[in-house]
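# no sequence on this one, just coordinates:
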């Protein structure tokens, strides 16, 4: 699977989990807790493989100021979601009335970020990186993601 397909599949999976979380009620404590843990693992693994493997390859092959802008904006969106909003949500009791609002903000951030990548960065990456490179990146990312997911799950387990 090439890098872009892998990342799009991740986007779809996380957006589905976030939608399920948004549809849940404060009384669904067990469901919210399980969904939140899945979201934590998926988001952390996804952002890590992007930052360690995909973004550096994109930046290295880029040759326009727009490429640099996309790269730095994507990193800042990861920081906003992963370092600010997600930890805040994880620290909020799932039955608390603030939980739904915080979950919605995370969903909106992730959706916006995924849309931008899919409409701007990925088409540009397809022009900058050939199929063989995208396939090679995809393999590296899949292996690293499997490693991260295992590690992240054991961190909580």
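Done, it's in. Remember, predicted model here, so these are calculated numbers, not experimental data.

# next SSE after the helix or strand encompassing residue 36?
Per DSSP states H and E, residue 36 falls inside helix 29-49. For helix 29-49, the following helix or strand on the C-terminal side (DSSP H and E) is helix 55-61.

# what comes into contact with that following helix?
3, 67-68, 70-71, 74-75, 121, 124-125, 128-129, 133, 137 (Cβ atoms under 8 Å, 6 or more residues apart in numbering). Quick note: C-beta positions are derived from backbone N, CA and C, even for glycine.

# list the buried residues for the strand or helix carrying residue 123?
Here residue 123 sits within helix 122-128, counting by DSSP H and E. Residues of helix 122-128 classed as buried by neighbour count (16 or more other Cβ atoms under 10 Å): 122, 124, 125, 128.

# surely the second one meets residue 71?
No: judged on Cβ atoms under 8 Å, residue 124 makes no contact with residue 71 at a distance of 10.3 Å.

# now the common contact residues for those two.
Each of 58, 62 lies in contact with both residue 124 and residue 71 under the rule Cβ under 8 Å, 6+ apart.

# give me the neighbour count for the spatially closest residue to residue 148 that is not a sequence neighbour.
Nearest residue to residue 148 in three dimensions, chain neighbours excluded: residue 45, at 4.1 Å (Cβ to Cβ, 6 or more residues apart in numbering). Using other Cβ atoms under 10 Å, the number of residues around residue 45 comes to 23.

# out of the buried residues of helix 122-128, which one sits closest to residue 100?
Set against residue 100, the nearest of these by Cβ to Cβ is residue 122 (31.0 Å).

# hmm, the closest one is touching residue 6, no?
No: counting by Cβ under 8 Å, residue 122 stays clear of residue 6, with 11.1 Å between them.

# low-confidence ranges in the chain?
Applying pLDDT under 70 to the chain picks out residues 156-157.

# hmm, 90 instead?
Scanning the chain for pLDDT under 90 picks out 62-67, 96-97, 155-157.

# which residues in it form helices?
For the chain, helices defined by DSSP state H occupy the ranges 3-23, 29-49, 55-61, 65-79, 86-90, 97-116, 122-128, 131-156.

# looking at these, which is buried most?
Of all the helices of the chain, helix 29-49 has the most neighbours on average by mean count of other Cβ atoms under 10 Å, namely a mean of 19.

# now that one, how far from the chain's geometric center?
From the chain centre to the centre of helix 29-49 is a distance of 10 Å (Cα atoms, centre = their mean, to the nearest Å).
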